[in-house]
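> Structure for this input, please:
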Amino acid sequence: MTDSNNRLDRIEEILAMNATWFVETRQILTETTIKNAETAAIANSNARAIQAADSRIAEVADLVERNANANALLRDAVDALVHVADSTMARIDTVVIRIDAQSEQINEMSSEIRGLQTENRRILDRLERRDTES
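As a prediction, the model looks like this:
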């Protein structure tokens, strides 16, 4: 019986070691499963963050494009205003030249008018002298 007892003791010992190994292995598997789940959660979170960042990048790119379009429109508007201002200045220059020419004509006419007024006074003076002499 001692052989049988020894055998049973040995089997019980092996079973106890197997049970311990099984519990340890199960614990390691559980911890690994938890770590894998945590890693998957982190990966999912990172994927969502990357997706959100991609979305933000697309929004920023859209805003940059809109800003570039607005700047182009503004530049075109300023160019048009500069063209209108240049055209207006050219017209003003033409009007100023005409006004200067008309001012010269007026000055010449004023001199002629003064001369005619002087001539008229002389004529009136002569007429008055004739009237008084007659």
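> what's the model's confidence in the host helix or strand of D125, averaged?
Assessed by DSSP states H and E, D125 sits inside helix 2-133. Computed over helix 2-133, the mean pLDDT rounds to 94.
> Please compute how far it lies from its chain's middle.
Distance of helix 2-133 from the chain centroid (C-alpha atoms, centre = their mean, to the nearest Å) equals 0 Å.
> Measure how buried T39 is and give me the count.
Number of residues near T39 (other C-beta atoms under 10 Å) recorded here: 10. Placement of C-beta: from N, CA and C, glycine included.
> Likewise for the one 3 residues further on?
As a burial measure, the neighbour count of I42 was computed by other C-beta under 10 Å and equals 10.
> neighbours around S134, how many?
Taking other C-beta under 10 Å as the neighbour definition, S134 ends up with a count of 5.
> What distance do you get for it to E128?
Look at S134 and E128: by C-beta to C-beta, to the nearest Å, they are 11 Å apart.
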